[in-house]
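**Student:** Please work out how this folds:
(one chain, ligands or ions: 2)
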Amino acid sequence: MSEAAIIDGKAFAEGLRGRVAEFASQFEARAGRKAGLAVVLVGEDPASQVYVRNKGKQTVACGMNSFEHKLAADTGEADLLALVEKLNADPAVDGILVQLPLPSHMNEQKVIATINPDKDVDGFHVVNVGRLATGLPGFVPCTPLGCVMLLKDRLGSLSGLDAVVIGRSNIVGKPMAQLLTAESCTVTVAHSRTKDLPEVVRRADIVVAAVGRPEMVKGDWIKPGATVIDVGINRVPAAEEGKTKLVGDVDFVSASQVAGAITPVPGGVGPMTIAVLLRNTLVAAHRNAGIVLDENAI
Ligand SMILES: Nc1nc(=O)c2c([nH]1)NC[C@@H]1CN(c3ccc(C(=O)N[C@@H](CCC(=O)O)C(=O)O)cc3)C=[N+]21
Ligand SMILES: [Mg+2]
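**Tutor:** Ligands and ions are numbered 1, 2, ... in the order given. Okay, here's the model as predicted:
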């Protein structure tokens, strides 16, 4: 069996950021201001701090403004809601991202519901969830949109393909299933209660793993030649004492012996998530400023 092609999400994300940068500079020329993304981080989780810093750096590198708001872990929910309202009203802010998870004393649904749907570049607000479900223009969650971009780049048309999505979260599994349905795939959503998961996965031309279980999907679950998209980002102990490493939800070593193509972790879906966030922000800027943008060109 030949080795799977590696789907280079990092390189694709770089290309996407390049296109975002081009259109961001045209936006600035036409609108007389830069597009802007506000990122709100509550608390000091080290992994979240790294993500937020990377988002900020890449936003600026694309020629957009980055507004970072860091709040203490014990900030009251009312104060966070007041900040979101302020960002909703700020014409320099086109996109708002509140980093999840929030501390347990806050109601995430309530916070997301407060974001203006037209600035909700994560696509988490129920208005955008409804727009995606009904095929209206809105904002699509960054991770699943990035996965579809990688799939279409690799396969061209997805029409008629059997797709299995493992995981049913609001952030990845559910929107992923809707996007694949819109691409005319025959979609199965599998999850922790699915009977004979390996057998279900074996039917799939496209496998999207988003369960958060390190290396759960094995090579002998994969149909030869299938395209495997690994959304998992799990930090696990490395061989060397005291060190850790990142692994996906797919057992890369065995799956890459069988699959036609596969995303690595790191360097696959993760970098796409941030690049799509920047893309969504630029789209938001155009829509909110009433400037026409060919959204398929980016
Ligand atoms: N409101 C909100 N929106 C999010 O989109 C959101 C969030 N909250 N909370 C946290 C998760 C996680 N997330 C990632 C983004 C990029 C990488 C990424 O670039 N990963 C690199 C590796 C990074 C590393 O080395 O740790 C890679 O896979 O190659 C990972 C994870 C966005 N999230
Ligand atoms: Mg994610």
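
**Student:** In contact with Leu145: list those residues for me.
**Tutor:** For Leu145, the contacting residues are 123, 175, 179, 276, 280, by C-beta atoms under 8 Å, 6 or more residues apart in numbering. (Glycine included, C-beta is placed from N, CA and C.)

**Student:** How much space separates Ala284 from ligand 1?
**Tutor:** Ala284 sits 15 Å away from ligand 1, going by C-beta to the nearest ligand atom, to the nearest Å.

**Student:** ignore the last one, Gly63
**Tutor:** 20 Å.

**Student:** What's the local residue count around Ala239?
**Tutor:** Residues lying near Ala239 (other C-beta atoms under 10 Å) number 6.

**Student:** Can you verify it is assigned to a helix?
**Tutor:** No. Counting by DSSP: H, G, I helix; E, B strand; the rest coil, one finds Ala239 to be coil, located in no helix.

**Student:** Quick check: the gap between it and Pro117.
**Tutor:** As judged by C-beta to C-beta, to the nearest Å, Ala239 and Pro117 stand 46 Å apart.

**Student:** cool, and Gly167?
**Tutor:** 25 Å.

**Student:** surely Val228 meets Val201?
**Tutor:** No. Counting by C-beta atoms under 8 Å, Val228 does not reach Val201; the two are 9.5 Å apart.

**Student:** okay, and the common contacts of those two?
**Tutor:** Shared contacts of Val228 and Val201 (C-beta under 8 Å, 6+ apart): 207, 217, 222.

**Student:** Contact partners for the first one?
**Tutor:** It refers to Val207. Val207 neighbours (C-beta under 8 Å, 6+ apart): 163-164, 166, 201, 217, 221-222, 226-229, 250, 259.

**Student:** Between those residues, identify the one with the most neighbours.
**Tutor:** Sorting those by how many neighbours each has (other C-beta under 10 Å) puts Val250 first, at 33 neighbours.

**Student:** who's it bridged to?
**Tutor:** Taking DSSP bridges as the rule, Val250 bridges to Val217.

**Student:** any idea how far the residue in the stretch 1-150 of the chain that ligand 1 sits nearest to is from Gly43?
**Tutor:** Evaluated by C-beta to the nearest ligand atom, the stretch 1-150 of the chain has Leu100 as its residue closest to ligand 1, separated by 3.9 Å. Distance, Leu100 to Gly43, by C-beta to C-beta: 11 Å.

**Student:** what about the two, which has more around it?
**Tutor:** Neighbour totals were compared for Leu100 and Gly43, and Gly43 leads with 17 against 13 (other C-beta under 10 Å).

**Student:** ok, for that one, nearest residue in space, not its chain neighbours?
**Tutor:** In space, and not counting its chain neighbours, Gly43 is closest to Ala73: 3.7 Å by C-beta to C-beta, 6 or more residues apart in numbering.

**Student:** Any figure for the gap between that neighbour and Asp45?
**Tutor:** Distance of Ala73 to Asp45, computed by C-beta to C-beta: 9 Å.

**Student:** out of these two, which sits in the busier spot?
**Tutor:** Legend: neighbour count by other C-beta under 10 Å for Ala73 and Asp45, higher for Asp45 (15 against 11).

**Student:** Alongside ligand 1, which residues does this protein contribute?
**Tutor:** Residues of the chain lying close to ligand 1 (C-beta under 6 Å from any ligand atom) are 51, 97-100, 122, 142, 233, 246, 265-267, 270-271, 273-274.
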